[in-house]
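> Kindly generate the corresponding structure for this input.
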Amino acid sequence: MLGSRLVIVEREGLQAQLVMYLDQIAALLEMLAVCNPGILVACGFDLAKERRGRSRAKATAATRAAMGAESADGDSATEA
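Down below sits the predicted model:
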């Protein structure tokens, strides 16, 4: 029972980290597309307008806060 909860918490942490990485990749692609719009066609991602309820900055800040809390818990466990 406890093992499955740990797996779920670990998976949620990995999902949050993945979202953060994808947001960083998207931000970099947007910056590069200013100089070279053709890069969006070659990037491999589906192109669509953003339809988020929350802004990217709020979502990224929430993800970083969650990852910071998780790594703080992990650091104390590894030091013991």
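
> Every contact and neighbour count from this point should use C-alpha atoms.
Noted.

> what comes up buried for the helix or strand that residue 26 is a member of?
Here residue 26 is covered by helix 2-35, with elements defined by DSSP states H and E. By 16 or more other C-alpha atoms under 10 Å, the buried positions in helix 2-35 come out as 13, 16, 17, 20, 23, 29.

> I'd like these as a markdown table, with pLDDT and distance to residue 35 appended.
Shown next, in a markdown table, are these (pLDDT from 0 to 100; distance: C-alpha to C-alpha, whole Å):
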| residue | pLDDT | distance to residue 35 |
| --- | --- | --- |
| 13 | 94 | 34 |
| 16 | 95 | 30 |
| 17 | 96 | 28 |
| 20 | 94 | 24 |
| 23 | 92 | 19 |
| 29 | 88 | 10 |
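
> and the two most separated of the residues you listed?
Maximum pairwise distance in the buried residues of helix 2-35, criterion C-alpha to C-alpha, is 24.5 Å, between 13 and 29.

> which helices and strands does the helix holding residue 26 pack with?
On a contact count with 3 or more C-alpha pairs under 8 Å, 6 or more residues apart in numbering; DSSP states H and E, helix 2-35 meets helix 39-42, helix 56-79.

> Confidence-wise, which of these is weakest overall?
Lowest mean pLDDT of the helices and strands packed on helix 2-35: helix 56-79, a mean of 57.

> how much space between residue 39 and residue 22?
Using C-alpha to C-alpha, to the nearest Å, we find residue 39 at a distance of 16 Å from residue 22.

> likewise residue 28?
The value you get for residue 28 to residue 22, if C-alpha to C-alpha is used, is 10 Å.
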